[in-house]
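In: The following comprises the amino acid sequence and a computationally predicted model.
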Amino acid sequence: MSVILKDISKHFGNQKAVNNLSFEARPGQILGFLGPNGAGKTTTMKMICCYIEPTEGTAEINGFDIRTSPLAVRKQIGYLAEHNPLYEEMYVKEFLQFVASIHRIDSRVSRINDVIDITGLGHEQNKIIGTLSKGYRQRVGLAQAIMHDPEVLILDEPTSGLDMNQLVDIRKLIKELGREKTVIFSSHIMQEVEALCDRVVIINNGSLVANESIQNLSKVLSGRQIVSAQFLEKNVSTVIFENMAGLTEINIKDDKMFFTANSGMDIRQDIFRIVVEHGLTLIELKQGEATMEDIFRKLTKIPVDA
């Protein structure tokens, strides 16, 4: 029940959307699939689902090759696209009956009722899809993705645009599904990735830049120290700190200054000294570990204040 990508690439003319990508996702595991906009995530997921054909390489889903056995592959996969296309004029249960008929499911009534129960759509099943909240439309999208009880789920930005209560509900549902199935989960929300995923694959410009468990991901920035500082004064210039020994990078975000230094270099004393020399007032000076956001930004070369 695994997903294995083998040196897969997709070129659109001279543009390499995905470049020689290899990784594996296993059952009982939620794999976070991350990258900035335009990195090649959706293209990769569409190749896995046999919506587009790779230029080079291939992928295997539960032993079926996407090039030679696309119909068999599609039976193994449930796909929730980023924009979750639904027939909004249909009633929820009517739509799920339509989906079940496409998959030629035996015991159709029983399976539809099971899926409605799993996704928490009981109170909404007799409503028109177009009248539902974004959270419930996502539930309908998940319901259609799991209708045929696939071994693999591909979820492209399933929590995008949801409020906090909806996030908690969808997160719980994905966690439950991930206990028995192989789940590939794409998101721009780093907190969701940390809360949901067991392992993370990060791509940038179509190429693999990280493939680690959540626990080991901090090793990507090993040998580095991050210190944050907040000042009473606004618009403090980073120039006054640039000559500190061991300093490799300074960024500003949310009125805080973030200093990155070589491991073993405690730069807090130097920061305090410079603050005093320039008559500044220090509100906070804190040493911390690299977060998922820090790692993502470093690997995809996005400035902190973007």
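Out: Yep, it's here. Numbering: from 1, shown residues only.
In: show me where pLDDT drops low in this structure?
Out: By pLDDT under 70, the weakly predicted segments of the chain are 1, 218-223, 263-264, 288-290, 302-306.
In: Would you map the helices across it?
Out: Under the criterion DSSP state H, helices of the chain are mapped to 41-48, 70-76, 92-102, 108-118, 134-146, 164-178, 190-196, 268-277, 292-300.
In: Would you format these as TSV with distance to Glu60 included?
Out: Every residue, glycine included, has its C-beta placed from N, CA and C. Putting the helices of the chain into TSV (distance: least, C-beta to C-beta, whole Å) gives the following:
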stretch	distance to Glu60
helix 41-48	10
helix 70-76	9
helix 92-102	24
helix 108-118	27
helix 134-146	20
helix 164-178	20
helix 190-196	24
helix 268-277	50
helix 292-300	27
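In: okay, these in TSV with mean neighbour count next?
Out: Supplementary listing: the helices of the chain in TSV, determined by neighbours: other C-beta atoms under 10 Å:
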stretch	mean neighbour count
helix 41-48	23
helix 70-76	16
helix 92-102	17
helix 108-118	15
helix 134-146	22
helix 164-178	16
helix 190-196	19
helix 268-277	14
helix 292-300	19
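In: Just tell me which of those ends up closest to Leu217.
Out: Evaluated over those, closeness to Leu217 peaks at helix 292-300, with 5.9 Å, by C-beta to C-beta.
In: elements contacting the closest one?
Out: The helices and strands touching helix 292-300, judged by 3 or more C-beta pairs under 8 Å, 6 or more residues apart in numbering; DSSP states H and E, are helix 190-196, strand 199-204, strand 207-213.
In: Mind doing that once more with 10 Å?
Out: Helices and strands touching helix 292-300, by 3 or more C-beta pairs under 10 Å, 6 or more residues apart in numbering; DSSP states H and E, are strand 29-34, helix 190-196, strand 199-204, strand 207-213, strand 224-231, strand 247-253, strand 256-262.
In: Just the C-alpha atoms of that helix, please, in CSV.
Out: Below are the C-alpha coordinates for helix 292-300, written out as CSV (Å, rounded to 0.1, in the frame of the first residue of the first chain):
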residue,chain,number,x,y,z
MET,A,292,9.0,24.3,10.7
GLU,A,293,8.6,27.7,9.1
ASP,A,294,12.3,28.5,9.6
ILE,A,295,13.3,25.3,7.9
PHE,A,296,10.8,25.8,5.1
ARG,A,297,11.9,29.3,4.4
LYS,A,298,15.6,28.4,4.5
LEU,A,299,15.3,25.4,2.2
THR,A,300,13.1,27.3,-0.3
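In: just the angle between that helix and strand 29-34, please?
Out: Orientation check (axes from the mean of the first three to the mean of the last three C-alpha atoms, to 10 degrees): helix 292-300 against strand 29-34 gives 60 degrees.
In: right, and the helices and strands packed on helix 292-300 - which one's nearest Phe272?
Out: Taking C-beta to C-beta as the measure, the helices and strands packed on helix 292-300 were each checked against Phe272, and strand 224-231 came out nearest at 9.1 Å.
In: Put together JSON lines for the helices and strands packed on helix 292-300, with distance to Lys134 on each row.
Out: Compiled in JSON lines, the helices and strands packed on helix 292-300 are given as follows (distance: least, C-beta to C-beta, whole Å):
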{"stretch": "strand 29-34", "distance to Lys134": "22"}
{"stretch": "helix 190-196", "distance to Lys134": "15"}
{"stretch": "strand 199-204", "distance to Lys134": "26"}
{"stretch": "strand 207-213", "distance to Lys134": "30"}
{"stretch": "strand 224-231", "distance to Lys134": "34"}
{"stretch": "strand 247-253", "distance to Lys134": "28"}
{"stretch": "strand 256-262", "distance to Lys134": "32"}
